[in-house]
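> predicted model, plus sequence, below.
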Amino acid sequence: MQLEQTWRWFGPGDPITLSDVKQAGATGIVTALHHIANGDVWPVDEILARQNTIEEHGLRWAVTESVPVHEDIKLRTGRFEEFIENYKQSIRNLGQCGIPVVCYNFMPVLDWTRTDLNFPMRDGSTALRFDEAALAAFDLFLLKRKDAEKDYSVSIQEKAKQFFENLTESQVDTLTKTIIAGLPGSEEGYTITQFQKKIDAYAECGDDDLRQNLILFLNEIVPVAEEAGIRLAIHPDDPPFPLFGLPRIVSTENDLKQLFDAVPLPANGLTFCTGSFGARPDNNLTQMIDQFGSRIHFIHLRNVQLEEGSRSFYEADHLAGSTDMGAVMKSLINEQVQRKKNGRMGLNIPMRPDHGHKMLSDFYTSSNPGYSLIGRMRGLAELRGLEAGIRAMTKQNST
């Protein structure tokens, strides 16, 4: 019994091949049909074609990440009823093909957000970073969102002004593209004008409204997933606090409690992302695993180093940073043990090394930001060793 070692693969266009993945030691693939437009049905033949490609390399399609939730569904406007029916059919089709887990998120407008894709580390590698002052500079002086200053402290506003005044034209373009052009896994990118219109659409939608829309969506989707043999795994907000005045509803322990209390069916589950939850110092990750462990259907393991005095962070080595990854791994192993005692299916919870530094030969090859080959292989190796060491120690202590 162990966590299933998986790897995010973006399909045939991914510069990292399935042969590379197999050599890295993963056995499961996490992928999606990114070429299908948001809201459209995923046809069985398209799913099977991708699945066959994966299986030809001796791997299995372990997790779908993600079936995107259309913005109309989040706002319950426009064609939302049609898109919900399409989502149901995609779930049925994935179930028919035997793909057991679907990761998704309910973040408004933007998927995961960073401000720097090449933050220099001391060892010469580069990492992803979220800089609150950089985001505020974009919000206040480029997007010029109405009343944006209310969302930032005086100190951050001053840092944002200084940051903005020192930007070159090229750096302005890079910052804009980094924030709104769409990072890997997100399905949409925007111009500044388009982005402002998307934000404006949420003017009357607060946290409670968005949460209710999510619950209404899940009330329709989760029973279909149960019938199809699919476990749904919502990804937390990344980062787990409001951006651009948009609501955030999957950021804290209380958020999860409200979600699972409202829709208690077992298929309504969680992607436990240590990097997302770990970006809030008030989140106790091991306590969250202890409380919601039975709901964890998928695991993202990465570490962030929080920067004192702000919401800024950078993505650290997988076993470094502000999160005690050893304690997290021990809690996840304990959850597996409990599942075995309870006779529950799905013991080998899929996990993947989430993101990785660009390092060594990564600098000379193409890869998506955060999804380098060598950086993630290092992360997977470290996490594999951590898990094996904890299991060996636990076994030794029990004898």
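Sure thing, it's come through.
> where does the stretch 251-399 of the chain have low pLDDT?
Along the stretch 251-399 of the chain, the parts satisfying pLDDT under 70 run over 398-399.
> now do the contacts for the residue nearest the centre of the chain.
Most central in the chain under C-alpha atoms, centre = their mean is His235, positioned 5.2 Å from the mean C-alpha point. Contact analysis of His235 by C-beta atoms under 8 Å, 6 or more residues apart in numbering lists 66, 103-105, 250, 271, 273, 276, 300. In short, each C-beta sits where N, CA and C put it, glycine included.
> tell me which of the residues you listed fall in strands.
103-104, 271, 273, 300 (DSSP state E).
> and those, which is closest to Gln162?
Cys273 (32.1 Å; C-beta to C-beta).
> could you measure from that closest one over to Lys330?
In this view, Cys273 and Lys330 are 18 Å apart by C-beta to C-beta, to the nearest Å.
> same check on Asp123?
Using C-beta to C-beta, Asp123 is found at 27 Å from Lys330.
> more neighbours, those two?
A count of neighbours by other C-beta atoms under 10 Å puts Lys330 above the other of Asp123 and Lys330, at 19 against 9.
> would you say the more buried one is within a strand?
No: Lys330: not assigned to a strand; according to DSSP: H, G, I helix; E, B strand; the rest coil it is helix.
> isn't it up against Arg391?
No: applying C-beta atoms under 8 Å, one finds Lys330 not in contact with Arg391, separated by 9.6 Å.
> would you mind pulling up the elements that the top helix by length along the chain packs against?
For the chain, the helix with the greatest residue count under DSSP state H is helix 373-398. Applying 3 or more C-beta pairs under 8 Å, 6 or more residues apart in numbering; DSSP states H and E, one finds that helix 373-398 makes contact with strand 4-8, helix 18-24, helix 325-341, strand 350-353.
> what residues sit buried inside that helix?
Neighbour counts using 16 or more other C-beta atoms under 10 Å place 373-380, 382-384, 386-387, 390-391 of helix 373-398 among the buried residues.
> okay, and the spatially closest residue to Phe164 that is not a sequence neighbour sits in which element?
Nearest non-adjacent residue to Phe164, counting by C-beta to C-beta, 6 or more residues apart in numbering: Ala137, 4.1 Å away. Using DSSP states H and E, Ala137 sits in helix 132-137.
> name the next helix or strand downstream of that helix, please.
Immediately after helix 132-137, counting by DSSP H and E, sits helix 154-165.
> outside of that next one, which residues touch it?
Under C-beta under 8 Å, 6+ apart, the answer for helix 154-165 is 131-134, 136-137, 139-142, 149, 152, 309-310.
> next, the angle from the next helix or strand after that helix to helix 154-165.
Next along the chain after helix 154-165, taking DSSP H and E as the criterion, comes helix 169-180. Interaxial angle of helix 169-180 relative to helix 154-165 (axes from the mean of the first three to the mean of the last three C-alpha atoms, to 10 degrees): 130 degrees.
> so what touches helix 169-180?
Applying C-beta under 8 Å, 6+ apart, the external contacts of helix 169-180 come out as 110, 113-117, 134-135, 137-138, 142, 167, 189-192, 195.
> now list the buried members of the residues you listed.
110, 113-117, 134-135, 137-138, 142, 167, 190, 195.
> closest one to Ala37 out of those residues, please.
For those, the nearest to Ala37 is Tyr190 (15.7 Å; C-beta to C-beta).
> if I look at the closest residue to that closest one other than its chain neighbours, what pLDDT would I see?
The shortest distance from Tyr190 to any non-neighbouring residue, by C-beta to C-beta, 6+ apart, is to Ile180 (4.8 Å). If you check Ile180, the pLDDT there is 89.
> what's the distance between Ile180 and Phe141?
Ile180 sits 15 Å away from Phe141, going by C-beta to C-beta.
> contacting residues around Gln89?
Val41.
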